[in-house]
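Asks: quick one, fold the following:
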Amino acid sequence: MKAFLFLWILCIVSAQQPLNSYPQLVALPYGGFVVAWINTLPPQNGGGYATFGQSFNSSGDPVSWVYVIVEGSVNQYTLTTTNLIALPNEKCVYGYTYQSPSGSQTGFVYIFDPLTTKGQAFALPFGNTSLGKGGISIPVLAALRNAENSFVAVFAAAEQYYGQIVAATGEMIGSPFAIGTLSENI
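Replies: Numbering: from 1, shown residues only. From the prediction side, this is the model:
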């Protein structure tokens, strides 16, 4: 109940103040869950943004303080898309896209432990694109539930969908594979 109250308050704050956005929620294999959200700081407060997270047990009690997952400067890059999944090994993967002032976008995944909050970011292949027709990199993630605790990231680049299998360590497994064109409406 406590965590649902937290989510409800987060949604009200997000609706009333455009500084908080894109709340994400994922259940963990051991029964807990993680909530993540983006907080954009206004220019008068130094600008920039940060993605925050907090981990809870299955009763809704916090098992971590609020922690920073990703942060950056509005003058350099803008965080545009988010996705959060849990792997069978109890790690979480946060997918996001940076957009530079010139318009190019790069897709990233951040693999982290929701209890220790330690993690590392990895750039996705074919993720550096310009904002031309269909040239947006949007990582969508899904856990594969295998012994390697790997996951698949699907993203768009140059009017083509690609997939990439990624190990829980962040290592790319094999090469990116083409899925279809954006015009095929897959």
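Asks: quick check, Pro29 in contact with Ile85.
Replies: No. Shown here, Pro29 and Ile85 do not form a contact pair, counting by Cβ atoms under 8 Å, at 11.4 Å. Quick note: C-beta positions are derived from backbone N, CA and C, even for glycine.
Asks: who has more neighbours out of those two?
Replies: Set side by side, Pro29 and Ile85 give different neighbour counts by other Cβ atoms under 10 Å, the larger being at Ile85 (21 against 13).
Asks: so where's this structure shaky on pLDDT?
Replies: 1-20, 41-48, 72-81, 100-101, 103-104, 125-138, 158-159, 181-186 (pLDDT under 70).
Asks: what about the strands in it?
Replies: In the chain, strands defined by DSSP state E lie at 20-27, 33-40, 49-56, 67-72, 78-86, 92-99, 105-112, 119-123, 140-143, 151-157, 160-166, 172-181, listed in chain order.
Asks: what packs against the third one?
Replies: Strand 49-56 is packed against helix 2-16, strand 33-40, strand 67-72, strand 78-86, strand 92-99, with contacts defined by 3 or more Cβ pairs under 8 Å, 6 or more residues apart in numbering; DSSP states H and E.
Asks: at 7 Å what do you get?
Replies: Counting contacts by 3 or more Cβ pairs under 7 Å, 6 or more residues apart in numbering; DSSP states H and E, strand 49-56 packs against strand 33-40, strand 67-72, strand 78-86.
Asks: what of the first one?
Replies: The criterion is 3+ Cβ pairs under 7 Å, 6+ apart, and the helices and strands that strand 20-27 contacts are helix 2-16, strand 33-40, strand 78-86.
Asks: perfect, that will be all.
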